[in-house]
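In: Coordinates only, no sequence provided:
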C-alpha cells in the first residue's frame, strides 16, 4: 500500500514517518509541506540523514492521488477542511489528524475552534477514529481523535458503557507534554518560560471538550458535560490524564480492574494495570500503548482512573496507523509493534 | 531573636537558612544534624561557602535552649515526636515542620503514618500553623502544615467558610516538584526515572489527606472526606494544585474572584489572580507567595481553583518563618520580602 | 541613589529589578521598554504582582535624566549604540549590559556583530566593567562584560598575569543555559527542540571571542587567539565553562589552588574551591558568585579550570550592580548579599 | 541465533532487549539478573507488559550455554571478570559491555578501576569491539567499548590515521546524560541535585582515559596522553563530545569534511555533517548513529570535532548488536535500522 503524508514537517508528521518505516505493508511514496519544498527532508531534519531522503513536495491533490493509495493529513486544524474536499469527491481515502472533521454537531466547530467549519456533508462522511470503538471500520475517511480526547474516552468507556458512573460527577485533569503544542513558536513553548514550570491553559474552553462529550454521549446519552482541564508539564512527549467520578454503587478495586481487563481483553494496545499499580508516563513513550490504572475510594465513593499515552503515538500518529491497519484489513499491530523507549 | 535549626541539611532546613539570613530581627545561632557533625556546613554545601560557616552540631536540647530562643525542627516525620518533649516540658518555643504534631485525632497518626504517635497531651499543645488562620497565634508550639495541605486548605477556605460548596463533590489533583520527596535516595527520585516522567503515588493514602480533612472540617463541619491525589512532576520545586467542586448555587467569575480577593484582602502572601488569569508554577518559586486563580463552569456547575506555592517556601520554610513572625510579633513579611526568582 | 532601567522586560532587566529591590541604597524610579508601555509591569509579569507596580514607560532620555541618577541599558545589542549618545553628551552615568561598547578596536564590532558600530569616541569613553579588574573604577560609563566573557576572563586571569600559560594552547569549552538566548522566540529556544538536547552554536564566530581576546591581551600581550566554543544545555540559568591550557612549567594542584586563592583574596564574589573540589553549576544560581575549581594533569601538562556563574547574575545583572556599587563608592556586596537558591 | 542477556535489568540490558526484539535473525531466549529472579521482567518494568514476559533467571553458565549461542554481559564493571571465565573456557561466545576486558596493559585495570583485573590471558582473548575498526571481526569474545571511548575514538580516527594532528595538543571535553551513571542510586543522580545542574566528575581520573589512549596509540604510536574531561548534563540519554586539536598543517573546512566523509564512506552508522553543520544531541537518540561535525579555525590552527551518540545505543547496546552482526556475518544494520526518536 502506498501512502502520502501532508504536513510531514510537524511533529505528528515526523512520527508517522518513524512508524511507517517499520511497517511491512506500507510504503511512504511522497511527503508534502506547506512551508517548504524542493529540499530533501533530511536537509531539514538531520536525524533523518541517509534514512529518509524523499523530497518535500508541494500539495497537489491530483499528483498525490496518482502516486498513492491513501493520504494522511498531519496539518494543524484549519488546513484539511480546505484540502480534503477534492480527495473525498474523488473517493480517495483520507486519514485526517486535525480537528476539522471531528465535531458532528452544527455550529460546534465554530464555537470551539473559532472559525468556519468544513461543509457538514463532508464532516458526516468521516468516521471518528477512536480505534477501539470504530463505527465504520472500513470507512475511507477517518478523522483521527485528539490526543486528550483519546485518553479521556478510553479512560471512561468501560464504566460509562456499564452505566456505573454518576454522570454529573466527572472531573478530568489532563496534563500534556509540550510537543502537544506543536512546532509553532510561542511564549508558552519558549524553554526559559516552560522548563521548571506548569501551566493550566484554555480554562473550560479547550476544543477537545465537545469532542469528548460527543463521544461519551454515545455510551451514556444522558451525559451533558464533563469538567475537563488541560495543563502543560515540562516533558517533550506524553499525556498523563487523571479522571475522577462517583459511582452509582460501590465496587472493590479487584472488580474494577477486572471490569477494565475484560472490557479491553481484545485490545492489544490497552494495558490495564494490576490492582494497586498505576502507570507512569514514561512507560508508553515512543509507542502506541495506552496504559490505565484504577482505584476506588470508599470514603468518597469515587473512582480514580490514571491513563497515560504518548501524545504523538496513541494520541496522533500511532492511532492513525492503527486506523490505517483497520481500514486496510492488516493486523492492527503492523508498524506499531515496538517497545517503548525506556528510560 | 536567636534561633536554632535541627535538620538543617535537608532541603527545608537549607531554605530556612536562606530566608533567615535576610531576616533583620533573627539570628541563626546553631545548626544541627543527625547524620553529620563537626564539619562546617559550607564544606557539605558548597553554595554556602564564605556565607554560612556555622559548624554542624549534634542535637543536645540543653545546649540549644541555652543558646537560643526558639528551635525549628526541619526533620523528616518520626524525629521530632521523640525530640520535642524536652523542649516543651521546659516551656521552650518550637516550630516543627514535620507531620508529628499535626493530627489531633486519636489513632490518626498511626493509621496514616504507620508508626506510633507522639503522646496526645503533647500533640494538643501544638497550634496548627496555617499562617492565615492561626487559632493561637502566640502559641509557643507550632506544627507547620504540610506542603500539599497548605495549598489545598488555602484553595478551599473562602468557599467553604461561606458555605458555598457541595461538600461531597471536592476533588483535589495536586502535583509536586521532586524536592518534596526530600534528599533521601530512591528509585522515584532517581534522575533517569523521574526526568521526562510523571507519577501518581500514594493513591488514596497520602498522609496529608487526614490533615486536610481535619482543617476543612473546622470551616465546614459536615464535610467528611475529600478526593485527593498526589503526583510528581519533573521540576525541582513547586506545588501546582487544581481543586474542583460543585457549588450550592451558580456564581459568576467576577463574583468568585471578588469573594477570594475580599477574603484574602489582609493576607499579604496570598495573591488572587484577576478574572481569566491563572497562575503558573514559576511565578512563586523562591518566595512565600501562594497565588490562586479561579473559574466557574456553567455547564458543570463546578468551580476550578488553581493554586501554586513553592513547596520549600509557603509549603515549608517560608510559612515556618511567617509563623515565627506571628509568634514574635514581628511584621509578617520580615525575612520573606523577596521577589520570586524568574525565569 | 535613583536609577532607571531601560529594557526591563528582558531577563537581565528583570534580574536587575530582583537584586535592586534588596539594595539598601538604590531606588528604581522608572522602568522602560521598547515594546510595551503604559501597563504596570506586574500585569505583564505576574510574579511581580503587588511587589513592583511601576508603570512601563517609553524611553525618553530627557525624562530619565530628570528623575534619575543613573541608567541601566539591559537591551539587546544594537539598541544602546543609538540611545546612549544623549546620556553621554549630558555627562549622565550609564551602565550598558549589551555588547555595543565593548570592542575598542576599529572594525571589530562590524566583523563580529555584523552591523555598524557606535562612534569610536563614544566607545572609548566606556570602561570595561569586569568588576574585579576595573581600569577606571569611577568612570561614569561602564560597558558590562558578556556572560561568557566574564567567566572566561576570570578563569584565566591569575595564570595569564603570572605568565604561566603557553599562550597558543588555550581551549575554552563553554556551556550556557537557555536564558542566555533571551526572551526572543526561535527554534533553538523552543522547548521540544531544546529539552533533552545539547547544541554547539556560532562555531568559531561567537561575538564574545574578540571581547575575551581583547581583555586577555591586556594581561598577556603576546596572546593572539583562543579556541572558544559555546553550547546550549537544557537548564534555564548558568554558565559552566571549562578552560584548558598548557603550562610553561609544571605545578602542583596545591600551588595552583593557592595561586588562585591568593589572587582573588580580596574579591568577595570569587570563591576558589579547595584542591580536589570542582564547582557544580547550581551552587551559584540566583547569586553574583563565580566559583572556580582547578586541576593540573601531569600527563598532559595541562591545567583544567572549571568556572560557574549565573549568566543573569555575575554574567549580567549581578555584575552590573557590582559595577554600580564600585562607581558609587558603596560596599561591593550591597544588594548582592543573598544566598544562591539551592536546590 | 539464540542469545542470553546477563544484567538485563540495567539500562544497557533493557536497551539490548529493545533492539533485539526488532532483530530478524536473533532471539533472546533467556535473561538473567543478579538481584532479582523468578519474576517475569514485565512485573519489574511495566513498559514491557505483554511485550516481553521472559522470567528473570539466576546466572548459571551451564544452563545458559545449553539454551543459547551467545551471551551478552550488560553488568557493571567487576562482574564479568568473574563470570566470563567458564564461558571462555568452553569456547562459548561472549560480548561483554563492561570495562573488565578492555585494558590490555598489565596493571592498567588496577590503576584506573581500583580493583584486581581479570587474568591477563583471558583479557587478551577479547577483541576490542570498536565496530568500525575491529581487528578480529570473528572473534568469539568481544569487549564492547565504553560510551565516552566510542565517541572519542571515532572523533579522532580519521585525522590521527592520516598523521594530521599535533599529538600533544588533544583536548576532549565530553558531556554525558545521566543514564550513563546507571540505575544505582547516588547523590549525583538524585533528581533535585542533578536537574538544572552540570557537574564535572572524575577529574583526570576517568577509567575511559586509558582505554582511549590505548586505542589512539594504535593509530598514532607516538601519542602518550590526551586531556579528557567528563561531565554530566541534565538529559537522560546521550553523549555530546567536543574534541580539539592542533593540526600539523592548515586545512580548509571543505577538505576536513571530505576527509571524514571519505574515511567513513562504508560505515553506515557514522554520518559526517556537511560543512557548517554541527550535530545536536537529539538527532541520534534511540539509535545506533554517531554523527560528527567539523570545523577548522585559522586563527588557532585548531580543529573542533563535535560528536554525538546515544550512550545506550552506539555507546552500549547498539554497538554490541553491531558487533554481534559482524561476528555472525549478518548485515550490520540488522535490528538497528530504526529512526532516532525526535523530538
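Out: Yes, it's here. Note that the structure is predicted; figures quoted are calculated from it, not measured.

In: alpha carbons only for contacts and neighbour counts from here, please
Out: Fine.

In: Tell me the helix or strand right after the helix or strand of chain A with the lowest mean pLDDT.
Out: Ranked by mean pLDDT, DSSP states H and E, the weakest helix or strand in chain A is helix A:41-44, scoring a mean of 93. For helix A:41-44, the following helix or strand on the C-terminal side (DSSP states H and E) is strand A:56-57.

In: In contact with whichever residue of the stretch 51-200 of chain A sits closest to chain D, which residues are there?
Out: Chain D sits closest to residue A:51 of the stretch 51-200 of chain A, with a gap of 7.3 Å, by C-alpha to the nearest C-alpha. Contact partners of residue A:51, counting by C-alpha atoms under 8 Å, 6 or more residues apart in numbering or on different chains, are A:42, D:339.

In: For the stretch 151-300 of chain A, what lies in contact range of chain D?
Out: Neighbours of chain D within the stretch 151-300 of chain A, by C-alpha under 8 Å from any C-alpha of the partner chain: A:179, A:236, A:271, A:279, A:282, A:283, A:284, A:286.

In: I'd like the distance between the fourth one and residue B:231.
Out: Spelled out, it's residue A:279. Residue A:279 is 12 Å from residue B:231, where distance means C-alpha to C-alpha, to the nearest Å.

In: which neighbours do the two share?
Out: Residues touching both residue A:279 and residue B:231 (C-alpha under 8 Å, 6+ apart): B:199, B:200.

In: For those two, indicate the residue with more neighbours.
Out: Neighbour totals were compared for residue A:279 and residue B:231, and residue A:279 leads with 27 against 19 (other C-alpha atoms under 10 Å in any protein chain shown).

In: any idea of the pLDDT on that one?
Out: Note for residue A:279: predicted pLDDT of 98.

In: How is it assigned, secondary-structure-wise?
Out: Under DSSP: H, G, I helix; E, B strand; the rest coil, the three-state class of residue A:279 is coil.

In: Pull the residues that contact the least confident helix or strand of chain A.
Out: Here helix A:41-44 makes contact (C-alpha under 8 Å, 6+ apart) with A:48, A:49, A:50, A:51, A:52, A:53, A:54, A:55, A:56.

In: got a list of what the first one touches?
Out: It stands for residue A:48. Contacts of residue A:48 (C-alpha under 8 Å, 6+ apart): A:41, A:42, D:339, D:340.

In: Now name the helix or strand holding residue A:319.
Out: Applying DSSP H and E, one finds residue A:319 within helix A:318-328.

In: residues making contact with that helix?
Out: Taking C-alpha under 8 Å, 6+ apart as the rule, helix A:318-328 contacts A:15-16, A:19-20, A:95, A:97, A:129-131, A:137-140, A:142, A:144, A:287-288, A:312-313, A:331-336.

In: for stretch A:248-265, same thing?
Out: By C-alpha under 8 Å, 6+ apart, the residues outside stretch A:248-265 that reach it are A:158, A:164-166, A:270-275, A:293-296, A:298, A:301.

In: mind redoing it with 6 Å?
Out: Residues from elsewhere that reach stretch A:248-265, judged by C-alpha atoms under 6 Å, 6 or more residues apart in numbering or on different chains: A:164, A:165, A:166, A:272, A:295, A:296.

In: dump the residue contacts of residue A:68.
Out: A:2, A:3.

In: Can you verify my assumption that residue A:245 contacts residue A:170?
Out: Yes: contact criterion C-alpha atoms under 6 Å: residue A:245 and residue A:170 qualify, at 4.5 Å.

In: Could you check which of these two has the larger neighbour count?
Out: Remark: of residue A:245 and residue A:170, residue A:245 carries more neighbours, 26 against 21, as counted by other C-alpha under 10 Å.

In: if we can go back for a sec, as JSON lines, the residues of the stretch 151-300 of chain A next to chain D with distance to residue C:87 would be great.
Out: Listed next are those as JSON lines, based on distance: C-alpha to C-alpha, whole Å:
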{"residue": "A:179", "distance to residue C:87": "46"}
{"residue": "A:236", "distance to residue C:87": "46"}
{"residue": "A:271", "distance to residue C:87": "68"}
{"residue": "A:279", "distance to residue C:87": "61"}
{"residue": "A:282", "distance to residue C:87": "56"}
{"residue": "A:283", "distance to residue C:87": "59"}
{"residue": "A:284", "distance to residue C:87": "59"}
{"residue": "A:286", "distance to residue C:87": "57"}
